[in-house]
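Visitor: Quick one: sequence plus predicted model below, questions after.
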Amino acid sequence: MSDDEVDHDLLDLLRKSLGIGGSDPSAPPETKVLQDAEYIYDNSIDVALDMRHTKLAAIDILKQMQEREYSTKTWSEHPLHPKAKDESTVNFIFTMDLLNFSFWSEKSEEERFAVSYKEKRWTGYWSLVAALQRALDEEIPITTPSFWVNEEECTEEVLKKVFRSETDEEIPMFQERAQCLREAGLILEEECDSSVATLIEDAKGSAADLVNLLAERFPCFRDEAKFEGKKVRFLKRAQIFVADLWAAFEGEGYGRFNDIDKITMFADYRVPQMLHSLGCISYCPPLESKIRRLETIEPGHSWELQIRGCSIWGIELLRREILKLDPDANVNAILIDFFLYDIAKEREQAGEEAIPHHRTRGIWY
Ligand SMILES: Nc1nc2c(c(CN[C@H]3C=C[C@H](O)[C@@H]3O)cn2[C@@H]2O[C@H](COP(=O)(O)O)[C@@H](O)[C@H]2O)c(=O)[nH]1
């Protein structure tokens, strides 16, 4: 059996249960996402990273982030993001990142699922944020975990109203989203007296531990796969939950973590597209033409895992190049990722040409 096939997690578990060896309890907590991303990158033959473009992109991104004074403060400046530095925002962010996946549509811009809120029409990620804000305005306690498990009040009809569309297309994966809320509500009720704040306190100020806690306790956050026979972790929504907390609270209070730089890029479908536009990532011809033909890639397919793993590793290389340019730059993988997502949306809004994002339907991103 080669080393790659050894299930190190199982070995760890065995050692712990036998009380021998095992991971050193005093070792700093790790999520293993970055090391799994590097493993995927080292074993990818259909997706590649380009160091020359990465170095060029680092110059441009550093300059733009400094010009925009891009920081955690930017998060709350988005019109739809909650501003209160209190538990209501903790609950909002948890609800949002429980459901922060798979907004893409096969329909046209005009026909796709869209939410009308504050005289604007929101699609994609922002349609989710708008739907939650609209529900709260309509006195539906959609961000309260105990509501999700109340079958008399939180009916399918109420959820349909929360996620009602301006068009004939309903929100993608409506049933899966309802299931995520119910499951998370039950687990929070059992383990944290329905309080997200308690869940955060259980991590004792460690971002990595909070990510691991979410993956351990909530199946719907357990974003893992098998790549070439080895278990790999992406944990995209668990990580973006921690990152959104950190940004919303500007590193204080519920957003205070002593190891926030352990959080990696979030392996979604938008930032890989941006990395391709920057020339940092490239696809083998059959994969590129599949993406350009808008054909779906099955969840767990090697191509999907290579795109996700190489994107995480690509942002790490970008981060290192930025810090070589300016060792004092206030930049980590989170802020680079947030910035690239925002730029990707600005470019899309401006009608700029870009390769389509890849299409994999699922609850992980
Ligand atoms: N890697 C990464 N993925 C992100 C975001 C965000 C929004 N984050 C906000 C918070 C801070 C930032 O400044 C943003 O304002 C959404 N997504 C993912 O993208 C997809 C939605 O795409 P579209 O359908 O086009 O809206 C979907 O998988 C969603 O989970 C991000 O930041 N990073």
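Guide: Here it is on my side, so go on.
Visitor: which residues does the residue lying closest to Asn91 once chain neighbours are set aside contact?
Guide: Spatial nearest neighbour of Asn91, chain neighbours left out: Thr143 (4.3 Å); criterion: C-beta to C-beta, 6 or more residues apart in numbering. Where C-beta positions appear, they are placed from N, C-alpha and C, glycine not excepted. Taking C-beta atoms under 8 Å, 6 or more residues apart in numbering, we find Thr143 in contact with Ser88, Asn91, Phe92, Phe94, Thr95, Leu132, Leu136.
Visitor: Shouldn't the first one be within a strand?
Guide: What that stands for is Ser88. No - going by DSSP: H, G, I helix; E, B strand; the rest coil, the assignment for Ser88 is helix, not a strand.
Visitor: Following the strand or helix carrying Leu287 in sequence, what is the next regular element?
Guide: Assigned by DSSP states H and E, Leu287 belongs to helix 285-292. Next along the chain after helix 285-292, taking DSSP H and E as the criterion, comes helix 302-325.
Visitor: elements contacting that following helix?
Guide: helix 33-42, strand 47-49, helix 51-67, strand 224-227, helix 271-277, strand 281-283, helix 333-349 (3 or more C-beta pairs under 8 Å, 6 or more residues apart in numbering; DSSP states H and E).
Visitor: Do me a favour and average the pLDDT over that helix.
Guide: The average pLDDT within helix 302-325 is 98.
Visitor: between it and helix 285-292, how many degrees?
Guide: Counting by axes from the mean of the first three to the mean of the last three C-alpha atoms, to 10 degrees, helix 302-325 lies at 90 degrees to helix 285-292.
Visitor: Work out the gap between helix 302-325 and the centre of the chain.
Guide: Between the mean C-alpha location of helix 302-325 and the chain-wide mean there is a distance of 15 Å, by C-alpha atoms, centre = their mean, to the nearest Å.
Visitor: can you pull the contacts of Lys32?
Guide: Residues in contact with Lys32 (C-beta under 8 Å, 6+ apart) are Arg233.
Visitor: Glu183: neighbour count?
Guide: Neighbour count of Glu183, defined by other C-beta atoms under 10 Å: 17.
Visitor: Quick check: residues of the stretch 151-300 of the chain near the ligand?
Guide: Contact residues, the stretch 151-300 of the chain versus the ligand (C-beta under 6 Å from any ligand atom): Phe266, Asp268, Tyr269, Arg270, Val271.
Visitor: closest point of the stretch 1-150 of the chain to the ligand, which residue?
Guide: Of all residues in the stretch 1-150 of the chain, Gly124 sits closest to the ligand, at 2.5 Å by C-beta to the nearest ligand atom.
Visitor: Next one: the closest residue to that residue other than its chain neighbours from Glu353, what distance?
Guide: Distances taken as C-beta to C-beta, 6+ apart place Phe103 nearest to Gly124, at 4.6 Å, with adjacent residues excluded. Distance of Phe103 to Glu353, given as C-beta to C-beta, to the nearest Å: 21 Å.
Visitor: again with Tyr254
Guide: 40 Å.
Visitor: can you pull the buried residues of stretch 326-334?
Guide: Across stretch 326-334, burial judged by 16 or more other C-beta atoms under 10 Å covers Ala329, Val331, Asn332, Ala333, Ile334.
Visitor: and Ala84, how many neighbours?
Guide: By other C-beta under 10 Å, 11 other residues sit near Ala84.
Visitor: ah, wrong one, I meant Glu77
Guide: The tally of other residues near Glu77 (other C-beta under 10 Å) stands at 9.
Visitor: Then the one 3 residues further on?
Guide: Using other C-beta under 10 Å as the criterion, Leu80 is surrounded by 18 other residues.
Visitor: wait, doesn't it sit right on Leu128?
Guide: No - using C-beta atoms under 8 Å, Leu80 is not in contact with Leu128; the gap is 9.4 Å.
Visitor: Tell me which of the helices and strands packed on helix 302-325 is the most buried.
Guide: Of all those, helix 271-277 has the most neighbours on average by mean count of other C-beta atoms under 10 Å, namely a mean of 24.
Visitor: Would you mind naming what in the stretch 1-150 of the chain lies close to the ligand?
Guide: In this structure, the stretch 1-150 of the chain approaches the ligand at residues Trp75, His78, Asn100, Phe101, Phe103, Trp104, Gly124, Tyr125, judged by C-beta under 6 Å from any ligand atom.
Visitor: Max pairwise distance over the residues you listed: which two?
Guide: Trp75 and Trp104 (22.9 Å; C-beta to C-beta).
Visitor: can you give me the helices for the stretch 151-300 of the chain?
Guide: Counting by DSSP state H, counting those that start in this stretch, the stretch 151-300 of the chain has these helices, from start to end: 156-162, 174-192, 196-202, 207-217, 236-248, 271-277, 285-292.
Visitor: mind checking which of these is nearest Glu111?
Guide: Nearest to Glu111 among the helices of the stretch 151-300 of the chain is helix 174-192; the distance by C-beta to C-beta comes to 16.7 Å.
Visitor: Going by neighbour count, list what's buried in that closest one.
Guide: Residues Arg177, Ala178, Cys180, Leu181, Arg182, Glu183, Ala184, Gly185, Ile187, Leu188, Cys192 are the ones in helix 174-192 that count as buried (16+ other C-beta under 10 Å).
Visitor: Tell me where the protein is predicted with low confidence.
Guide: Residues of the chain meeting the criterion pLDDT under 70: 1-25.
Visitor: try it again with 80
Guide: 1-26 (pLDDT under 80).
Visitor: Many thanks, I have nothing further to ask.
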